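**Student:** please work out how this folds:
(chains A and B)
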Amino acid sequence: MSNGMTPIVKTITGWVKGFILVFGIYIVLYGHLTPGGGFAGGVIIAMTFVLITLAFGKDEALKRFRIGIASELDSVGALMFLVIALLGIAGGLGGTFFTNFIAKSNPGEPYSLMSAGTILLSNIAIALKVGSSLFLVFILLVMTKVLYREPGEKP
Amino acid sequence: MQIIPLFVAIPLGAAFFIPMIGRKNPRLSDTLANITTLALLLMALSVIGKSGVYWMGGWVPRLGVPLGINLVLDPVSVFMLITITLISFLVTVYSIQYMDKFTAKARFYSLFLLMVAGMNGVALTGDLFNLYVFLEIASIASYALVAFGCQHEELEASFKYLILGSVGSTAILFGIGIVYAMTGSLNMAQIANVIGGDLKAIHLFAVALFISGFGLKAALVPFHAWLPDAHPSAPAPISAMLSGVLIKTIGIYALARVMFNVIGLTPLTSYILLVLGTLSMVVGVLLAMGQDDIKRFLAYSSISQVGYVVLAIGIGTRFAIAAGLFHLINHAVFKSLLFLNSGAIEYSTGTRDLNKMGGLRDKMPVTSTTSLIGSMSIAGIPPFSGFWSKLLIIMAAVQAERYGFAAWAAGVSVLTLAAFMRLQRKAFFGEPKEAYADAKEAPASMQVSMVCLAVLCVVMGFLWVPQAKDTLLIPAAKVLQEGLNYASSVLGM
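**Tutor:** Coordinates of the predicted model:
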């Protein structure tokens, strides 16, 4: 039994997977300038790996994105977001939780990538969290087998 | 008041930090989780008597109109924070040894602290949509914790809880949507200003949605079907958290806050609360009478005791609300204690069936004594805390000339006593069963936690002495009873 779908799907997936990943990263990085952001970009990044799972089977996807790493990134993303929020409290940077402390000292050129202060960093943190946890949810649903059967039911 | 956001940030940070470093080393997870909950308890004790409004990101209101999201620390929030952090600290102490029999302890603490973060957020937030978000954080963590054992029964209970909980959340979200459409604001203080006690039919529809949504979270009687499955299936420390704190924070506290301070209480809504409270009180205790599963019995009894709190809040006088809050913290203490006792029994004997137990008094002296104290407290025997709070609720009902409700409350108290004497007789007294001849007392950390809670069952009674009452309970009751004045105190007008 061969894993995954037909060669047509596999070939097309091989072509487009890189573009989808780059598009996801673009949506994350330009979230403060164009529609999108950390959540939408994170979902697109996760979809790259979901597409690989569908086309090539879960082993191929897990070779590229191991569960342990996904789980670590999940925590790292959440912690990073919290640290960005907490840095606002830290001395001299602004004084309140979630203060946009970068924008105050260095506002940047409007409509350029390096503007809007902590929003870009927050988007990256959200993308890490959403991308890895969405992939984890999908892969766990793929891996889970139904073990419970009604009495008398054949396996 | 830089401490206010830390009540949410610290447990949230610990929840994501513990699974990163504690997966290989369960003792490290224990230490970190206990330090976190102890720190939260100390922080909650340090804010007694203080109040303040915290505007996130420095977005302070302009011309009395709020621009951003705020956290509000007022006497009610302080009271809820103390309840949440006190129980969660003692529960984490208990979990050190109880959770050894489960795998993935780090994940347990992670979900547990996420639930604490959600509850602290609910207690502190001053924004209606944020209330919903924190409520969902706490609920979703609790769905996962109920299923923590991953056995068939637990998954089924968790699924039932998940579905009914989502129905409740949807009702709440729908209610928030209506309020937002009618007032154009999500800030609780601003909404109170805009509505200003002038309730139209559409507001009453939102009130109905809030009562059913929060009532489902609090397991008031027509909405209680999930609780007797979900609470017994969870590991004992989680049952203690769910029955002791969660249903009160995301159910009763959130309902009281929205009804009193945001929308404004009308005679109709307070009468509905009275009826729902009495119904929960009576039906809960009657259903508890017939249960043979010890945790299921305690779960039904929680429904009954929550009814007392809702009844007191429904009466609506300052004295009654203070008595209700007093019963809320007392119930948190003794119901957690009783659930932890049931966990200790299950730990030693492996059963939850009351008919199979018996004569455990000699085998498990600490569990048995603390359980007796908890039972007497919940049944309202002096000098334990439950007696004082029930007495005050009945007195408040009489004072407000709600004689019928006072009679129901007194009657249910007698039934509770009968039900708990049955529990004591079946589990601890009577003939020892041969099957459990080698049952041993629970390990040290579990004993420490149970003894602390048993001591608190007595000490909590002193919350009604004048000094303690005037710093904790009366100011909290005052905030709720003054209703829409909440708006002016938050927005500083």
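**Student:** show the backbone phi and psi for B:Arg62.
**Tutor:** With angles defined as degrees, to the nearest 10, B:Arg62 sits at phi -110, psi 130.
**Student:** B:Gly68 now?
**Tutor:** phi -120, psi -160.
**Student:** state the number of residues packed around the closest residue in space to it that isn't next to it in sequence.
**Tutor:** Closest residue to B:Gly68 apart from its sequence neighbours, by Cβ to Cβ, 6 or more residues apart in numbering or on different chains: B:Trp59 at 2.9 Å. C-beta: built from backbone N, CA, C; applies to glycine. B:Trp59 sits with 15 neighbouring residues when counted by other Cβ atoms under 10 Å in any protein chain shown.
**Student:** B:Val53 is in contact with B:Trp59, correct?
**Tutor:** No: taking contacts as Cβ atoms under 8 Å, B:Trp59 lies outside contact range of B:Val53: 11.9 Å.
**Student:** so where's chain A uncertain?
**Tutor:** Applying pLDDT under 70 to chain A flags the ranges A:1-2, A:91-94, A:146-155.
**Student:** same for the biggest helix by length in chain A, what does it pack against?
**Tutor:** The single longest helix within chain A, with elements called by DSSP state H, is helix A:118-143. Packing contacts for helix A:118-143, counted by 3 or more Cβ pairs under 8 Å, 6 or more residues apart in numbering or on different chains; DSSP states H and E, involve helix A:7-29, helix A:38-56, helix A:58-64, helix A:67-87, helix A:101-105.
**Student:** which residues does stretch A:9-16 contact?
**Tutor:** Contacts of stretch A:9-16 with the rest of the structure, by Cβ atoms under 8 Å, 6 or more residues apart in numbering or on different chains, involve A:Gly4, A:Leu51, A:Ile52, A:Leu54, A:Ala55, A:Phe56.
**Student:** which of those has the most neighbours?
**Tutor:** Neighbour-wise, the contacts of stretch A:9-16 (other Cβ under 10 Å) top out at A:Ile52, 23 neighbours.
**Student:** which residue, other than its chain neighbours, is closest to that residue?
**Tutor:** Nearest non-adjacent residue to A:Ile52, counting by Cβ to Cβ, 6+ apart: A:Ala61, 4.5 Å away.
**Student:** now the helices for the stretch 301-450 of chain B?
**Tutor:** Remark: helices assigned in the stretch 301-450 of chain B by DSSP state H, counting those that start in this stretch are B:318-349, B:360-363, B:365-379, B:385-399, B:403-427, B:444-459.
**Student:** which one of those helices lies closest to chain A?
**Tutor:** Nearest to chain A, of all the helices of the stretch 301-450 of chain B, is helix B:318-349, at 22.9 Å by Cβ to the nearest Cβ.
**Student:** tilt between the closest one and helix B:385-399?
**Tutor:** Going by axes from the mean of the first three to the mean of the last three Cα atoms, to 10 degrees, helix B:318-349 is angled at 150 degrees with respect to helix B:385-399.
**Student:** quick one: average pLDDT of helix B:318-349?
**Tutor:** Taken as a whole, helix B:318-349 has a mean pLDDT of 93.
**Student:** go through it and flag the buried ones.
**Tutor:** B:319-349 (16 or more other Cβ atoms under 10 Å in any protein chain shown).
**Student:** that one vs helix B:365-379, what angle?
**Tutor:** Going by the same axes, to 10 degrees, helix B:318-349 is angled at 150 degrees with respect to helix B:365-379.
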